[in-house]
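> give the three-dimensional model of this entry:
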Amino acid sequence: MERSIIAVLDQYNDVLYDAAESINPSVLAGYIYSLAKLYNTYYHDTPILKADNGTLIAWRVQLSNTVAQRIYDVCTILGIPVIERM
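Predicted coordinates:
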C-alpha cells in the first residue's frame with residue numbers, strides 16, 4: 001500500500017502539467033480524490049503510531065505529512081479552503 005501512495009505522489013508533476021496544458025482543473029481534483037481515497041484505506045489498515053519500531057513510525061508519520069501537504073497544495077491551487085484540524 002505504501003508503494004502505491006508513493007507512486008501516486010510521484011505523479012504530481014505530470015498531473016499538474018496535464019491540468020495546466022489542458023486548462024482542466026478537474027484533473028487535479030481527480031488526482032487528490034484518488035490520493036485521499038488511497039491514503040484513507042492505508043490509514044484504516046495500517047497502524048501508523050503502533051508500528052514495531054521507531055524508525056517505521058517516523059517513516060509512516062512522514063508519509064502521512066507528505067500526503068497531507070500534497071492535498072493542501074492542490075486544494076490551494078484549486079482555490080479550495082482547507083481546514084487545519086478537524
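
> so which residue is dead centre in this protein?
For the chain, V67 is the residue whose C-alpha lies nearest the centre (CA atoms, centre = their mean; 3.1 Å).

> pLDDT score assigned to the spatially closest residue to it that is not a sequence neighbour?
Spatial nearest neighbour of V67, chain neighbours left out: Y39 (4.9 Å); criterion: CB to CB, 6 or more residues apart in numbering. Quick note: C-beta positions are derived from backbone N, CA and C, even for glycine. What the model reports for Y39 is a pLDDT of 97.

> does Y39 really touch I5, like I thought?
Yes. Using CB atoms under 8 Å, Y39 is in contact with I5, at 6.1 Å.

> same for the lengthiest helix in the chain, what does it pack against?
In the chain, with assignment by DSSP state H, the single longest helix is helix 54-78. Under the contact criterion of 3 or more CB pairs under 8 Å, 6 or more residues apart in numbering; DSSP states H and E, the helices and strands touching helix 54-78 comprise helix 2-10, helix 26-45.

> what residues sit buried inside the longest one?
By neighbour count, and taking 16 or more other CB atoms under 10 Å as the criterion, the buried residues in helix 26-45 are V27, L28, Y31, I32, L35, A36, L38, Y39, Y42.

> what does the shortest one give?
Taking 16+ other CB under 10 Å as the basis for neighbour counts, the residues of helix 2-10 that come out buried are I5, V8, L9.

> which other residues reach the helix or strand following that helix?
Following the chain from helix 2-10 toward its C-terminal end, the next helix or strand by DSSP states H and E is helix 12-22. By CB atoms under 8 Å, 6 or more residues apart in numbering, the residues outside helix 12-22 that reach it are N24, P25, V27, L28, Y31, R70, I77.

> turn the buried residues of helix 2-10 into CSV, columns for pLDDT.
Supplementary listing: the buried residues of helix 2-10 in CSV, determined by pLDDT from 0 to 100:
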residue, pLDDT
I5, 97
V8, 97
L9, 98
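
> so the residue nearest to V67 versus R60, what's the distance?
The spacing between Y39 and R60, counted by CB to CB, to the nearest Å, is 11 Å.

> again with G79
Per CB to CB, G79 is found 31 Å from R60.

> pLDDT weak spots in this protein?
Low-confidence segments of the chain, defined by pLDDT under 70: 86.
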